[in-house]
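J.: this is a predicted model, with the sequence first.
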Amino acid sequence: MITAVPRAAAAGCVRAEDFVPHLRTRLLVLQPTPFCNIDCSYCYLPRRDERSRMAVATVRQAALRLREDGLAGDELTVVWHAGEPLVLPPAYYVDAFAAVAQALPGVAVTHAMQSNATLIDDTWCDFFVQHGVAVGVSVDGPAALHDAHRRTRRGDGTHAQVVRGLRRLRAHGVPFHAIAVVGAATLADADGFYDWFADQGITELGCNFDEAEGAHAQSSLVDHEPAHAAFLARLLQRSLHGPVAVRELAAAWRALRTPLPRWQWRQFSAPENTQVQPLALVTVGHDGSFGTFSPELLGQPAAGWGGFVIGNVHQGGYLDALQGPAFLRQWQAVQQGLAACAERCAYFDICGGGAPVNKFYEHGHFAATETLHCRSMVQRPFDAVLRFAETALGRAA
């Protein structure tokens, strides 16, 4: 049963024992460097010219804090993200992976990297294979779509470099998935978009819509939502019989079959969503500063929010940060948004309260409910799958 967040409880201290199940960090996002070697037009990162790097001692401390706070379960995924992780050499990650393993003995750690693929060569592929790295490649599909936005710092397209990187991954037998940013121009040719990924041998594709977030203030999908619905409907038709599974549609199928597990904080209960559960997802910047909730929030300039930082791994633990004013302010606002979604949104049970970062950048605060992100990433994919299922059932009857 969904219940509203009590106001008195929202303002009080936050204790680990108030959560059911016990607080666990499932995703540790480490930002090894803010620097990126390319300059995408829709990038949300504010400091991608900065060449700072996370010290291995900071990597170790970020992992150690999980163990000290009892937040590490049997399994943990560590995602190396923000900036381009491959601008740092493989030798850096050999030391960093070893530091994580030393800090978390007995924990099955999976390392994942999201890359623009322009720097992938044989040496990187050997590293990925040796360390079992889960590789994600950011590529927007055919060259005309990709090169319109994903350019070098001199303004040249990067598509040829990315395709070369994909070729090396395939040659070395490195499994990988792809994530594409879907903007207004993508919607015109769903078949061409799907076929490009199929031709590349890609079997898992995530479609991130062009989000208004951070430094990127305007989404190109505004005023194109009906076209996006038609685009998704066509991708559904293709994915039912084709080799490429589309992440958002696969998630919708799962939602039809299996209810999300639930979590509880005091009197409030909701479906699982790591972006609204404290410390389920922890993001650590290159300097050791950390935040929780949506990983894109950390380091973003926003008046009065201090970069959405709630602590620093060199100064205290994650649980200690839950008592600090920075976290408590964010938590109270996120709870207000959760309660509003629970009361008003028909999709709450398959979503669990949306993404705070999108609420903030689309509405200016965390207490909002529906966003363009909700409609694009959850509602329309679910509606497309539900309509298909209802039609198929009707025909079978």
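T.: Alright, I've got the coordinates. Numbering: from 1, shown residues only.

J.: can you pull the pLDDT of the closest residue to Ala108 other than its chain neighbours?
T.: Once flanking residues are discounted, Ala108 sits nearest to Glu75: 4.7 Å by Cβ to Cβ, 6 or more residues apart in numbering. Any C-beta I mention is one placed from the backbone N, CA and C, and that applies to glycine too. What the model reports as pLDDT for Glu75 is 97.

J.: number of residues surrounding Glu75?
T.: Taking other Cβ atoms under 10 Å as the criterion, the count of residues near Glu75 is 11.

J.: and what of the one 4 residues further on?
T.: Val79 has 21 neighbours, counted by other Cβ under 10 Å.

J.: packing partners for the helix or strand hosting it?
T.: Secondary structure assignment for Val79, by DSSP states H and E: strand 75-80. Here strand 75-80 touches strand 27-30, strand 108-115, going by 3 or more Cβ pairs under 8 Å, 6 or more residues apart in numbering; DSSP states H and E.

J.: please report the distance of the residue nearest to Ala108 from Arg26.
T.: According to Cβ to Cβ, to the nearest Å, Glu75 stands 8 Å off from Arg26.

J.: one step back: among the helices and strands packed on strand 75-80, which is nearest Thr158?
T.: strand 108-115 (11.8 Å; Cβ to Cβ).

J.: by contact count, what packs against the closest one?
T.: Using 3+ Cβ pairs under 8 Å, 6+ apart as the test, strand 108-115 ends up in contact with strand 75-80, helix 90-103, strand 134-138.

J.: next, format those as JSON lines and append distance to His216.
T.: Below are those laid out as JSON lines (distance: least, Cβ to Cβ, whole Å):
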{"stretch": "strand 75-80", "distance to His216": "21"}
{"stretch": "helix 90-103", "distance to His216": "28"}
{"stretch": "strand 134-138", "distance to His216": "14"}
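
J.: who wins for proximity to Pro278 among those?
T.: Of all the helices and strands packed on strand 108-115, it is strand 75-80 that lies closest to Pro278, at 16.6 Å by Cβ to Cβ.

J.: which ones are touching the residue nearest to Ala108?
T.: Residues counted as contacts of Glu75 (Cβ atoms under 8 Å, 6 or more residues apart in numbering) are 26, 107-110.

J.: which phi and psi does the most centrally placed residue in the chain have?
T.: In the chain, the centroid-proximal residue (Cα atoms, centre = their mean) is Pro295; its distance is 6.9 Å. Backbone geometry at Pro295, expressed as degrees, to the nearest 10, gives phi -60, psi -30.

J.: distance of Ala367 from Leu298?
T.: Distance of Ala367 to Leu298, computed by Cβ to Cβ: 20 Å.

J.: any idea of the pLDDT on the residue lying closest to Ser376 once chain neighbours are set aside?
T.: Closest residue in space to Ser376, ignoring its immediate chain neighbours: Phe209 at 4.0 Å, by Cβ to Cβ, 6+ apart. Looking at Phe209, its pLDDT is 90.
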